[in-house]
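Engineer: Whatever this is, show me its structure:
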Amino acid sequence: MIRRKKGLQGEDMTLAEGVCLRMDSWKQEENRLITLLLKGVLVYLIVMGGIGCYLSALDIRCMYPLIHVVVLAAAMFCAVLYYNKIWENAGYFVLLFVMSGMGVAFGDYISSGVFAVANQLGERAAVFFDSSAVRSYAEQISDRYLSVTISMCYVGWVCCILMNVLISRRMQYAAAVPLVIGMLLIPLYIEQEPSPLYVAMLLSGLIASYSIRGNGHYGISRKNTCYEYRRKKRAVSYVYAGKTMASVILLVFLLCLCLTQILSVIYPENRFRDRQKTSSMKEATMDTMGNFMLLGFMGLFNYYPNTGGLTSGRLGGVNAIRLDYETDLTVEYAPCSDSRLYLKTFTGADYRPYYNSWQRRTDAAGQALPDVADSTVSQRKKAFERGEKGTARAKMAVTNVEAETGAYLPYYSADVDVVVSPGETREYVFYPQISERIYEPEERGGDWLEVPEENRGVIAEFCREAGLERGDVKEIVKKLTDYFRDNIPYTIRPGATPYRQDFVNYFLGKSKKGYCAHFASSATLILRYLGIPARYAEGYAIDPGDLAEDGAVLPDKNYSDYYEGDNPVGQTAVVSVDVTDASAHAWVEILDPEQGWQVIEFTPPSAIEREEGVSLWQRLADLLAGGRDEPVREQGAGGTPGAPDIQGGRGTAMAFALVAALAVFAVGVCLMARKIRGMILYARADRNEQLLMDYRKYIRKMGRKEPEMAGFVNFRQQVQHLSETGAWQISREEEESCVRILEQAAFSERGPGEEEIGKIYRLIRR
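Structural biologist: Okay, the predicted model is just below:
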C-alpha cells in the first residue's frame, strides 16, 4: 500500500512498511531521448530480423547493408516521435508525405521487388512440392538486385511505423509475434533455413520486449523524471532507465547470437533434414499448402459442387474432392465377374478448351443429340436370344437415394432413356461381356478423333516426353498407363485450375497431379491425337471389394430373375450394394474394332492398393460371414485408391478435429475480446467503479457455488447471505457497514474512503 506523507510535492514517499523513496531520488531526472532511442533499437531488431530471416531463407540477393541503415533510421525516427506531442503530430505528417512521395517516385521498383520476392518463393516452393505449376508475376525492372533492395527499404519503413506503435509505447510483443513470425512460416514450411544472425536479431528483439513488458516499467512520460506516480494503480513506476534497458537489450542479443551460432555448428541444416522426419500434420497439409503457395487463395476453393469427381463434364473448378460417404445409389444385381462394374451417367464427346468442360454429342446446329445405345448391344441381345454360348442377359435395379436425376446405365444396355430420380427405383436390362466374342460395331472412329488446336502443342510435347509416338493401340495404352503411374501422382486435392488456364494443358504441363477427371480427360485427348478413337465417361465404379464393405446378400431374391445365361464364376447370389460418392469416377472408352467401346482405366492407384488375388466367391463368403478383419487401406474417388477412407474413421476424425479447432478458436477469440474489453473498462474506471466490478465478479463466482444467490438483487440481501453462510465472518454491525459502503460506491458522487474500500477487498479476498 503506497502512502504519501505530503503528496507529490512532499519531501519523500512511503512505498511500503520501512521502505521510503526520498525526495532527492524522487526528483532524479534522465535524458529520456536515450530510452526512446533504445526502444527504436528494439523496433529495428524485430523488423530487420524478420525481413532478414525471410530474404536469407529464400537466398535472395540484395544490398543488405543499405536495408540495415534504412530500417535503423526509420526505427529511430519513429521512436523519437514520442518525445513531445508537437513533434509526434508533425512527425506523422512528415512520414505520410515522405512515404507517399517514395511510393510515387519508386512505385515500379517497389512493386517489381515485391514480385521478385514472390517469384523466388514460388520457385523454391515448386522445387519442394516437386511441381512445375508456378505463379509468375511480371517484374517491370530487370535489375532484381536493385528492385528488391528498394522495395525492402520501403517495406522496412512501413513495418517500423507499425511496430513502433506496438513496441515503443506499449511493448505489445504478443501482437508483434504473429505479424513477424507468421510471415516466416512459409519459408520454414518448405524447409528454407534463415541466417542465424537474423534469427538472433528477431529473437532478441522479442525476448527483450517481453522482459521489459514483464517488468512493468515501460510507459512513456512527457517529463524527464525517472519516477512517476501512477494514480490509477496507486504505484510508483520508474519510467526512464537507459543504462538498465541498454544492458538488457545487449545481454539478450549476445545470448541469442551465441545460441544460434552454436546450434548452427552443432546441428547444421543438412544434418537436421536427414534426421528430422516429416510430421503427420505436415503430411496431411502438404497438398493444401502446395496449392496455396503455387496457386494462391483462388486455388483453395471449389467453384461448383462436386460429388467425388462426378461433375457432368465440368472440369477445373475443384480444389479438393470433398466426400460425404453418404449413400447415393442402392444397386441390386447378380455378380458375374470379379472385375469392376461401371454405371455410366455422362459421355463426353467434344472437349472445350479454356471453358474446361466436356459436352455431349451435338448436331451441325450445335444442339445436343439424344443418347443412343451402342450398336454392339443389339448384336449381344440377338446372340443371347439365339442361345449362343458365352452370352447372358442380366437385370439391375437401381434406387436413387440422393444422387442427381439421370440414367445410371450399366454397359451394354439399351435402356439409355431410363431416368432415375431421387426416391425412385428403375430396372436396367443389359448383356454383360463374358467372352471374347467378335462383334461388328457400326460407329465410325473418325467421329471421335477431334483434338482442339489449343491443346495440340502441349499434348505433342507430352507424347514425346512419355515415348508415345510409336506402337500399336495396346502398347500405347500400356505406356500411357505406366507413365501416369510412375510420374503423375493421384490426389483428391489438386487445387483448382488457375484463372485463364486450360484444364488439360495445366495438368499435363504444370501441375502434374490430379484425380480421375484429370487422367481421363487428358488420356482421351492424347489417344485421339495418336489416332485412337476415344471418349470421356463419368459415372460410378463398383468394385467387388465393395460387396464386403457396403453390400448385403438378398436371400429372398431369385437369382434367375436377375441373371440368365453363362456365368464365368458360376451361379452366385443377388446382392444389394450401397454406392457412395467415393465410387464416383471418370474413365476412358476406346473403340475396339472387334468389341466396340471398351473401358480403359488410366487413373493410377495410390501407394496403398486394394487387396488383389481374392476371388469373387471369397468376397461373397466374407459378406455372408459378416466381413473379416482387413488392413486399413485407402480408396480414391471413383473406386480408385488414393482418398482417405473417411468412413473408416480417419477422415471423419480429421474433419471433426478441423471443425472443433475452428470452433475453439472462434470461442477463444470471443472470450479474449470480452476479456480485453473488460480490462479496458476496468482501467478507465475510478476506484468506486472498480470496487463494484470486483464485487460483482465475486458475487458471480459465489453464485456458481450457491445457486440461491441468483435471487438476491440488492446489496443487503447478498451481504446478509454471505454472513449467514460464513463466507464473510462479520457481525451485524459490520453487515450494515458493508451495505453502506457498497451503496455509497454505487449511488453516491463522493464514494467511500480508501479504508472502507480496503475493508470490502479484504472480505472478498478472504
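
Engineer: Any regions of the stretch 401-550 of the chain where pLDDT drops low?
Structural biologist: 445, 548 (pLDDT under 70).

Engineer: mind redoing it with 90?
Structural biologist: Judged by pLDDT under 90, the stretch 401-550 of the chain has its weakly predicted residues at 402-406, 433-448, 469-471, 489-501, 509-516, 542-550.

Engineer: That one: helices as residue ranges?
Structural biologist: Here the stretch 401-550 of the chain has its helices, by DSSP state H, counting those that start in this stretch, at 453-466, 473-487, 503-506, 516-529, 545-550.

Engineer: Can you spell out which helices and strands pack onto the second one?
Structural biologist: Packing contacts for helix 473-487, counted by 3 or more Cβ pairs under 8 Å, 6 or more residues apart in numbering; DSSP states H and E, involve helix 453-466, helix 516-529. (Glycine included, C-beta is placed from N, CA and C.)

Engineer: now it and helix 516-529, what's the angle there?
Structural biologist: Calculated by axes from the mean of the first three to the mean of the last three Cα atoms, to 10 degrees, helix 473-487 forms an angle of 140 degrees with helix 516-529.

Engineer: report the angle between the axes of helix 473-487 and helix 453-466?
Structural biologist: Inter-element angle recorded for helix 473-487 and helix 453-466: 80 degrees (by the same axes, to 10 degrees).

Engineer: Report the distance from helix 473-487 to the chain centre.
Structural biologist: Centroid separation between helix 473-487 and its chain, computed with Cα atoms, centre = their mean, to the nearest Å, is 34 Å.

Engineer: For that helix, buried residues please.
Structural biologist: 473, 476-477, 479-481, 483-484 (16 or more other Cβ atoms under 10 Å).

Engineer: same deal with stretch 327-339?
Structural biologist: Across stretch 327-339, burial judged by 16+ other Cβ under 10 Å covers 327-336, 338.

Engineer: Mind putting the helices and strands packed on helix 473-487 into TSV with distance to residue 376 and mean neighbour count?
Structural biologist: Shown next, in TSV, are these (distance: least, Cβ to Cβ, whole Å; neighbours: other Cβ atoms under 10 Å):
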stretch	distance to residue 376	mean neighbour count
helix 453-466	29	15
helix 516-529	19	26
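
Engineer: Of all the ones you listed, which one is nearest residue 402?
Structural biologist: Taking Cβ to Cβ as the criterion, helix 516-529 is the member of the helices and strands packed on helix 473-487 that comes nearest to residue 402, at 21.1 Å.

Engineer: What is the closest one packed up against?
Structural biologist: If you count contacts as 3+ Cβ pairs under 8 Å, 6+ apart, helix 516-529 packs onto strand 350-352, helix 453-466, helix 473-487, helix 503-506, strand 534-542, strand 584-592.

Engineer: closest one to residue 381 among these?
Structural biologist: Ranking the helices and strands packed on helix 516-529 by their distance to residue 381 (criterion: Cβ to Cβ) puts strand 584-592 first, at 18.8 Å.

Engineer: Helix or strand next in line after the closest one, which one?
Structural biologist: Next along the chain after strand 584-592, taking DSSP states H and E as the criterion, comes strand 596-600.

Engineer: buried ones in that following strand?
Structural biologist: Residues 596-597, 599-600 are the ones in strand 596-600 that count as buried (16+ other Cβ under 10 Å).

Engineer: Looking at these, which is nearest residue 553?
Structural biologist: Nearest to residue 553 among these is residue 599, at 26.6 Å by Cβ to Cβ.

Engineer: ok, the closest one touching residue 341?
Structural biologist: No - checked against Cβ atoms under 8 Å, the pair residue 599 and residue 341 is beyond contact range at 10.4 Å.

Engineer: low pLDDT regions in the stretch 201-350 of the chain?
Structural biologist: In the predicted model of the stretch 201-350 of the chain, residues 203, 205-249, 252, 256-257, 259-328, 335-340 satisfy pLDDT under 90.

Engineer: Which parts of it are strands?
Structural biologist: Counting by DSSP state E, counting those that start in this stretch, the stretch 201-350 of the chain has strands at residues 227-230, 235-238, 327-333, 341-348, 350-352.

Engineer: mind checking how far the shortest one is from the chain centre?
Structural biologist: Pointing back at strand 350-352 there. Distance, centroid of strand 350-352 to centroid of chain: 33 Å (Cα atoms, centre = their mean).

Engineer: partners of it, with directions?
Structural biologist: Strands flanking strand 350-352 in the sheet, each with its direction: strand 357-359 (antiparallel) (DSSP bridges).

Engineer: I'd like the next helix or strand past the partner strand.
Structural biologist: Immediately after strand 357-359, counting by DSSP H and E, sits helix 375-385.

Engineer: got the contact list for that following helix?
Structural biologist: Here helix 375-385 makes contact (Cβ atoms under 8 Å, 6 or more residues apart in numbering) with 391-393, 412-414, 430-431, 433, 437, 439-443, 564-565, 595-597.

Engineer: rewinding a little: got the helices and strands packed on helix 473-487 as JSON lines, with distance to residue 172 columns?
Structural biologist: Formatted as JSON lines, the helices and strands packed on helix 473-487 follow (distance: least, Cβ to Cβ, whole Å):
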{"stretch": "helix 453-466", "distance to residue 172": "52"}
{"stretch": "helix 516-529", "distance to residue 172": "48"}
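
Engineer: I appreciate the help and will end here.
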